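> Coordinates for the following, if possible.
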Amino acid sequence: MTTAIAGIHAPDTRLAQDATALAREVSAPYLFHHVMRSYYFGELAARQSGLACDRELLYLSVVLHDLGLTERFAGPERFEVDGANAARTFLADRGLPREKASLVWDAIALHTSLGIAPHKEPEVAIAHLGIGIDYGGIGLEALPRGAVEEILRAYPRLEMKQDFRRALCGVVARKPHTTAGNFLSDFGRRYVPGFQPFDASALLEGAPFDS
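All right, here's what the predicted structure looks like:
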């Protein structure tokens, strides 16, 4: 059994162990700490709201959710999709049934999708919730302060804001086409010189039709 943090024992199955090892191996320390905090915050929030889920699938989804920001798994798609594809392949290769691997794919691909992820399966919704708490403090005030402090001691934030900003700006610079309709365009406008955001209104007005 894993050591409890904030009263929560993370799943300790072979698959969970393998996922943790992969995330630790390929992620910078700040990023590994982020995914781990996100899991515990999600579990806390789920308990507060009475949401139940498959805890192993939740753990796999959150621990692997930022593979697309790592050098090994970064590809040509949105970083969420790169990560979802990598996680699904990793888990399927280790025997996770297809429908469960697909649910993990959804949780990772949608983890930045405000207004969509909360309406999906509990694993997807809780993953989104925990990640949002660690990323921007969304809902943090509803969690027990002592539990939050215990999680932060176990997985310190290090230089989270600076390093995460640098990683996201790198995605914008390398793959500007993946910023359409998502939060990366905010980083592009603020931090990336020469960034041209996708303009959906211009697309409509420029459509090659009479009306």
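> for the protein, where's the lowest mean pLDDT among helices and strands?
Lowest by mean pLDDT, DSSP states H and E among the helices and strands of the chain is helix 200-205, with a mean of 93.
> Just the C-alpha atoms of it, please, in CSV.
Written as CSV, here are the backbone C-alpha positions of helix 200-205 (Å, rounded to 0.1, in the frame of the first residue of the first chain):
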residue,chain,number,x,y,z
ALA,A,200,-12.9,32.4,-36.0
SER,A,201,-14.9,35.5,-36.9
ALA,A,202,-12.4,36.2,-39.7
LEU,A,203,-12.8,32.7,-40.9
LEU,A,204,-16.6,33.1,-41.2
GLU,A,205,-16.5,36.5,-42.9
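> quick one: contacts for Cys127?
Cys isn't right for residue 127; it's Ala. 38, 42, 58, 61-62, 65, 107-108, 111, 117 (C-beta atoms under 8 Å, 6 or more residues apart in numbering). Quick note: C-beta positions are derived from backbone N, CA and C, even for glycine.
> Now for Arg24: which residues touch it?
Taking C-beta under 8 Å, 6+ apart, we find Arg24 in contact with Phe32.
> Please tell me how far it sits from His177.
31 Å (C-beta to C-beta, to the nearest Å).
> rewinding a little: contacting residues around the least confident helix or strand of the chain?
180-181.
> got the buried residues for the helix or strand containing Ala147?
Taking DSSP states H and E as the definition, Ala147 sits inside helix 145-154. Within helix 145-154, the residues that count as buried by 16 or more other C-beta atoms under 10 Å are 147-148, 150-151.
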